[in-house]
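S.K.: sharing a model that was predicted from the sequence below.
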Amino acid sequence: MSFFAPALEGTKPERYAQLNQQLALLIGDEHDFVANMANMAALLFHQLPDLNWAGFYLMRGGELVLGPFQGKPACIRIPLGRGVCGTAAASRETQVVPDVHAFPGHIACDADSRSEIVVPLIKDGAIFGVLDLDSPKPGRFDEDDRAGLESAAGLLLGVSLMV
C-alpha cells in the first residue's frame, strides 16, 4: 500500500482537520497499536512544522517506556510524575509547555528542544502512554495544537487494540 499525504493548508484548525483525515486513512482498518503509533509518529513529524521529535511513551510496569518515534534518540524510561511526559501521564491531562526550561523537573533528552506538548493516551479509564511532540521553537504549541492532537490520539485509540 502506498500513502501520499498532501501538504496541509489553511488555518491551524483546518490543517489539523486535514491531518486527522490523513491519519484516519493511514491507520484505516489496522488494529495493531505499535504499527499505528509508528505511522502516526511519522505523519506528525513530517506534516507539522517546527518539530524535532514526535513519538510515544508507553506504560510498562508503572513507568513510561520509549515507543515508536521520529527524531533523535530519546530517553528510554520516564517515571510517572517526572518531566512533561511523566506529569501528563500522572495527571491524565495534556501538558502544553511553551518553555521547557521553565518546567519544573524537565527531562532534557534533546538540548535543542524549547517547547513541548504531551497528550495522555487514555481508553476505558486506563492510561496506555503518552503522545509527545517537541520543538526547537519556544512557544510552538497552543490550544489549537492541543485540540488537534487530542483528536488524533482519539483516532488512534479508537481503532487500535492495546498491547
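M.R.: Cool, got the structure. Numbering: from 1, shown residues only.

S.K.: what is the neighbour count of the spatially closest residue to Gln18 that is not a sequence neighbour?
M.R.: Spatially, and ignoring its direct neighbours in sequence, Gln18 is nearest to Leu8 (5.0 Å; Cβ to Cβ, 6 or more residues apart in numbering). C-beta: built from backbone N, CA, C; applies to glycine. As a burial measure, Leu8 scores 16 neighbours (other Cβ atoms under 10 Å).

S.K.: OK, contacts around Leu8?
M.R.: Contacts for Leu8 (Cβ atoms under 8 Å, 6 or more residues apart in numbering) come out as Arg15, Gln18, Leu19, Gln47.

S.K.: distance of the last one relative to Asp32?
M.R.: Per Cβ to Cβ, to the nearest Å, Gln47 is found 21 Å from Asp32.

S.K.: same thing with the third one?
M.R.: Applying Cβ to Cβ, the value for Leu19 to Asp32 is 21 Å.

S.K.: the more surrounded of the two?
M.R.: The neighbour count for Leu19 versus Asp32, taken as other Cβ under 10 Å, is higher for Leu19 (20 against 13).

S.K.: quick one on the thing from earlier: state the pLDDT value of the residue nearest to Gln18.
M.R.: If you check Leu8, the pLDDT there is 93.
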